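> When you get a sec, could you give me coordinates for this:
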Amino acid sequence: MDFAGVVEICDSVLPLLGDPPRRPWGRFCLALLGSAHRALGNYVLARDHLFTLRDEMDHHTVIHDWHHRMLLQSALAELWFAWGDLQRARAETEQFLDVTQQTAERTWQALAWEMSARVAMAELDLTRAQDCIAKGLSTMEGFEVPLASWRVYAAAAELHERRGDSELAEYHLALSRNTIIKLANSLPAEEPLRKIFVSDSMVRKVLGDTAIAA
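This next block holds a predicted model:
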């Protein structure tokens, strides 16, 4: 969640990788920059980086583009969702789901289902959101995917809260909270990234009063 750090690093590296970004690491940097600027609220900058990346990928394929495409679709879905354009967010999320289903990568698959659930809830389609959550939970079953699971559990908690099932909401919230705390505790107490992680708004929303303990 150190988005400012991502921008600083990628801005320093990207000029060394060539323009247009036809090397894998250049594309990786553009995807990260787009995601980071979106999280920082710099939506126009985020859009510019992601559109540049999409255009280059559509015209010139390089090694690892299957992975870059997942990063790109995730970032575009999050961008339009944050911008309040649910129609575009849904379209990009559908493509996000499509590219992740072509791999065996459970973390990205689960993140795509979580994104789909958030879009559905924003559109007040709780039936579709329930289906997305169920598929996200099924995707994670039997696999250790903490970077995705805390988000899927959090989305499940929000859905059940909206449907008036406080018991199931608290159950999934506890699963999300416990996963976040395990991730935080994987970093040394003195590591600055630990504080940045638990201070993120999405993380704080899940932790609530447990933030200090984490």
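
> Walk me through the domains of this protein.
1-84, 104-214 (automatic domain parsing).

> Show me the helices in the protein, by range?
3-13, 24-39, 43-59, 65-83, 86-100, 106-122, 126-140, 146-162, 166-185, 192-199, 201-207 (DSSP state H).

> For those, could you give me JSON lines that also reports mean neighbour count and mean pLDDT?
Any C-beta I mention is one placed from the backbone N, CA and C, and that applies to glycine too. Formatted as JSON lines, the helices of the chain follow (neighbours: other C-beta atoms under 10 Å; pLDDT from 0 to 100):
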{"stretch": "helix 3-13", "mean neighbour count": "15", "mean pLDDT": "94"}
{"stretch": "helix 24-39", "mean neighbour count": "23", "mean pLDDT": "92"}
{"stretch": "helix 43-59", "mean neighbour count": "17", "mean pLDDT": "93"}
{"stretch": "helix 65-83", "mean neighbour count": "21", "mean pLDDT": "94"}
{"stretch": "helix 86-100", "mean neighbour count": "19", "mean pLDDT": "97"}
{"stretch": "helix 106-122", "mean neighbour count": "24", "mean pLDDT": "97"}
{"stretch": "helix 126-140", "mean neighbour count": "19", "mean pLDDT": "97"}
{"stretch": "helix 146-162", "mean neighbour count": "21", "mean pLDDT": "97"}
{"stretch": "helix 166-185", "mean neighbour count": "17", "mean pLDDT": "96"}
{"stretch": "helix 192-199", "mean neighbour count": "15", "mean pLDDT": "93"}
{"stretch": "helix 201-207", "mean neighbour count": "17", "mean pLDDT": "93"}
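
> what's around residue 186, how many residues?
11 (other C-beta atoms under 10 Å).

> For it, report the pLDDT, please.
Listed pLDDT for residue 186 reads 95.

> Please list all residues in contact with it.
Residues near residue 186 by C-beta atoms under 8 Å, 6 or more residues apart in numbering: none.

> Look up how far residue 194 lies from it.
For residue 186, the distance to residue 194 equals 9 Å [C-beta to C-beta, to the nearest Å].

> Check residue 171 too.
Applying C-beta to C-beta, the value for residue 171 to residue 194 is 26 Å.

> ok so, going back, closest to residue 95 out of the domains of the chain?
With C-beta to C-beta as the criterion, residue 95 lies closest to domain 1-84 of the domains of the chain, at 5.1 Å.

> Run the chain-centre distance for the closest one.
13 Å (C-alpha atoms, centre = their mean, to the nearest Å).

> Then stretch 89-102?
For stretch 89-102, the distance to the chain centre is 13 Å (C-alpha atoms, centre = their mean).

> So what does the nearest residue to residue 24 once chain neighbours are set aside have for phi and psi?
Of all residues not flanking residue 24 in the chain, residue 64 sits nearest, at 4.7 Å (C-beta to C-beta, 6 or more residues apart in numbering). The phi/psi pair for residue 64 (degrees, to the nearest 10) reads phi 70, psi 10.

> what's the neighbour count on residue 64?
11.

> what separates it from residue 167, distance-wise?
44 Å.

> Check residue 117 too.
19 Å.
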